[in-house]
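K.L.:
Quick one, what's the 3D model for this:
(chains A, B, C and D)
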There are 2 protein chains.
Amino acid sequence: MNSSHFSISLHILTLLDQVKGQLLNSEYIARSINCNPVLVRKELANLHKHGFVQSKEGKGGGSTLAKNSADINLGDVYRAVKQKSLLGGSRNEPNPDCPVGRQITKHLNDLYDEAETALVKNLSSKTLQEFSAGFK
Amino acid sequence: MNSSHFSISLHILTLLDQVKGQLLNSEYIARSINCNPVLVRKELANLHKHGFVQSKEGKGGGSTLAKNSADINLGDVYRAVKQKSLLGGSRNEPNPDCPVGRQITKHLNDLYDEAETALVKNLSSKTLQEFSAGFK
DNA sequence: TCATACTGTAACTATTTTTATTACAGAACA
DNA sequence: TGTTCTGTAATAAAAATAGTTACAGTATGA
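P.N.:
Here you go, the predicted structure:
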């Protein structure tokens, strides 16, 4: 993927959890993250698509969590946010005339899938509520 | 890190294991990977620094494994190759005036460290020999 | 009903990161 | 002593990422 998506999404979700149902707009969130509001809105669009947040358009609008933070686990967030494999994905095709080059993409993908599964499993053991509770 | 480093390093190590002690030069390796030979030499320099390969300069030179592939595990390779945290690392500092912004970097880093440890543990359960044996 | 303040999205620009290229000194070899 | 490598630096090109501008559509309330 691109790791900052996950950071930004988690930052957003944490903010939304902290304010308990209050609507936050993209400008406010962007100031906390210190990034562009459009980037926040794009990230929110993705979180919305995956059912983590609800948004309200128009004046006084903003976003809020669509479910209880205890029911959101970080592995699910990771999967929702993920765009491409964490490892892997070189831009050049290895040489098909080389026995190693011909097969390595598949072998690497298998390896990466397994490794990433282990990572996601770890993340899945934590809820947003737990993560958010660490902030005082 | 930058995931292609790991892919390239593993590709190199696999090639070196396949030819069992024969010296391979960076040009040959680069053709299999389909990348620039200088990139291969840089990657080899790092693998050399971490004791995975030996190199011989001069005419007829090249590289070879510095130890038995059964004694190289993929978690160690990952750690040798890793340059920065897999997740995390956004380029802007979150807002220190926001309670969430002020603390999130640390919280994210802790989270990422644990998740990455799970991933490395998975990789560590596999040796280069096993990986390389998958190629026929 | 109209000004205001949002979201959602697209198009474009800027910045940063990654990869490729060029170049060359020094090593080993025949 | 010419050739073929490594090792490394400097630079250029390409790709990925983030930021900006712009604007249509939606809700709000004076």
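K.L.:
Quick check: which ranges of chain A have low pLDDT?
P.N.:
Within chain A, the ranges that satisfy pLDDT under 70 run A:1-2, A:89.
K.L.:
For it, which segments count as strands?
P.N.:
For chain A, the strands defined by DSSP state E occupy A:53-56, A:62-65.
K.L.:
From the chain's centroid, how far away is the last one?
P.N.:
Once both centres are worked out by C-alpha atoms, centre = their mean, to the nearest Å, strand A:62-65 turns out to sit 16 Å from its chain's centre.
K.L.:
Just confirm yes or no for it near DNA strand D.
P.N.:
No - residues of strand A:62-65 are not located near DNA strand D by C-beta under 7 Å from any atom of the strand, the shortest gap being 10.8 Å. Placement of C-beta: from N, CA and C, glycine included.
K.L.:
How about the first one?
P.N.:
Yes - part of strand A:53-56 sits near DNA strand D under the criterion C-beta under 7 Å from any atom of the strand, namely A:Lys56.
K.L.:
list the buried ones in that strand?
P.N.:
Neighbour-count burial for strand A:53-56 flags A:Val53, A:Gln54, A:Ser55 (criterion: 16 or more other C-beta atoms under 10 Å in any protein chain shown).
K.L.:
again with stretch A:70-86
P.N.:
A:Ile72, A:Asn73, A:Leu74, A:Gly75, A:Asp76, A:Val77, A:Tyr78, A:Ala80, A:Val81, A:Leu86.
K.L.:
Which members of those residues are the farthest-apart pair?
P.N.:
Largest separation among the buried residues of stretch A:70-86 by C-beta to C-beta: A:Ile72 and A:Leu86, giving 20.4 Å.
K.L.:
Show me which residues of chain A sit near DNA strand D.
P.N.:
So far as C-beta under 7 Å from any atom of the strand goes, chain A lies against DNA strand D at A:2, A:4-5, A:35-36, A:38-39, A:56-61, A:91.
K.L.:
now, among those residues, which is nearest to A:Lys20?
P.N.:
A:Lys56 (16.0 Å).
K.L.:
OK, contacts around A:Leu39?
P.N.:
Residues near A:Leu39 by C-beta atoms under 8 Å, 6 or more residues apart in numbering or on different chains: A:Ile8, A:Ala30.
K.L.:
same thing but at 10 Å, please
P.N.:
With contacts defined as C-beta atoms under 10 Å, 6 or more residues apart in numbering or on different chains, A:Leu39 is in contact with A:Ser4, A:His5, A:Ile8, A:Ser26, A:Ile29, A:Ala30, A:Ile33.
K.L.:
biggest separation within those residues, which pair?
P.N.:
Of all pairs in the contacts of A:Leu39, the most separated under C-beta to C-beta is A:Ser4 and A:Ser26 at 16.4 Å.
K.L.:
Let me have the buried residues of stretch A:70-86 in JSON lines, extended by distance to B:Pro96.
P.N.:
Converted to JSON lines, the buried residues of stretch A:70-86 look like this (distance: C-beta to C-beta, whole Å):
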{"residue": "A:Ile72", "distance to B:Pro96": "26"}
{"residue": "A:Asn73", "distance to B:Pro96": "29"}
{"residue": "A:Leu74", "distance to B:Pro96": "24"}
{"residue": "A:Gly75", "distance to B:Pro96": "29"}
{"residue": "A:Asp76", "distance to B:Pro96": "30"}
{"residue": "A:Val77", "distance to B:Pro96": "25"}
{"residue": "A:Tyr78", "distance to B:Pro96": "26"}
{"residue": "A:Ala80", "distance to B:Pro96": "28"}
{"residue": "A:Val81", "distance to B:Pro96": "25"}
{"residue": "A:Leu86", "distance to B:Pro96": "29"}
